[in-house]
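Colleague: just the structure for this:
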Amino acid sequence: MNIFVLLKRTFDTEEKITITNGFIDEEGAEFIINPYDEYAVEEAIQIRDAHGGEVTVVTVGGEESEKQLRTALAMGADKAVLINVEDDLEDGDQFTTAKILAEFLKDKEADVILAGNVTIDGGSGQVGPRVAELLGIPYVTTITEIEIKGTQAKLIRDVEGDSEVIETSLPLLVTAQQGLNEPRYPSLPGIMKAKKKPLDELELDDLDLEEEDVEPKTKTIEVFLPPKKETGKILEGDLSDQVKELVQLLHTEAKVV
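Modeller: Numbers count the residues shown, from 1 in each chain. Model (predicted):
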């Protein structure tokens, strides 16, 4: 089975984000595999172990993304591909990334493509579905379970506090939701093996793409942190007095009643 995982390098979830001149300051920041993409990597490995084949992780970014690709290889992926756009693109968006990934995947005869449901930095959840649309294959988002038999797949997806069961055929793209699995930690032997696994680097020219082909459709005007929350107020006294005070505060200060 030919399995691909779409992976992104994102800020560590424990990082304190700082803004400089309207943009996120990456100086000294720690980066990781997007957490939802870790579920995708883990599920891809489990599918390969159950059905055979190989797992290839692919990302669009710069040289610094190699660390996250090596981490995925240490988890158990077989191959990695870095599509390096550092020298070609000053900016990009979900359209840019999806267009590049689809161009790379179009002749790879993928059986299953996995991606994270969303990225923790952008949170749009667009790249996976856009790639599937460009490739002309089915896609199912926010999956929490996948079962493959031959060329058929049965999936359970998370929908607003409930679940939905979907059956479809391969090739297929899915996006992983929390609860799909428990991603493994790279073991020491896995880390050592990852150093010898193939990591190919491509550029736009290798995909017969020009800069105008992947020009972003959106533009980031400004990035800013949410306003600081004011200290909460603790009500004291008898319950009935607290209720009266709460109603008064909602009316006079919060102005919601």
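Colleague: which stretches in the protein count as helices?
Modeller: Counting by DSSP state H, the chain has helices at residues 35-51, 66-75, 94-105, 127-135, 188-194, 239-252.
Colleague: and the second one with helix 35-51, angle?
Modeller: In this structure, helix 66-75 runs at an angle of 30 degrees to helix 35-51, with axes from the mean of the first three to the mean of the last three Cα atoms, to 10 degrees as the basis.
Colleague: if we can go back for a sec, looking at the helices of the chain, which is nearest to residue 114?
Modeller: With Cβ to Cβ as the criterion, residue 114 lies closest to helix 35-51 of the helices of the chain, at 3.9 Å. C-beta here means a position set from N, CA and C on the backbone, and glycine is covered the same way.
Colleague: for the helices of the chain, could you give me TSV that also reports distance to residue 29 and mean pLDDT?
Modeller: Shown next, in TSV, are the helices of the chain (distance: least, Cβ to Cβ, whole Å; pLDDT from 0 to 100):
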stretch	distance to residue 29	mean pLDDT
helix 35-51	16	96
helix 66-75	13	96
helix 94-105	20	96
helix 127-135	22	96
helix 188-194	23	92
helix 239-252	39	88
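Colleague: including distance to residue 158 and mean neighbour count, could these go into CSV?
Modeller: Below are the helices of the chain laid out as CSV (distance: least, Cβ to Cβ, whole Å; neighbours: other Cβ atoms under 10 Å):
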stretch, distance to residue 158, mean neighbour count
helix 35-51, 12, 21
helix 66-75, 23, 22
helix 94-105, 21, 22
helix 127-135, 15, 21
helix 188-194, 29, 13
helix 239-252, 34, 12
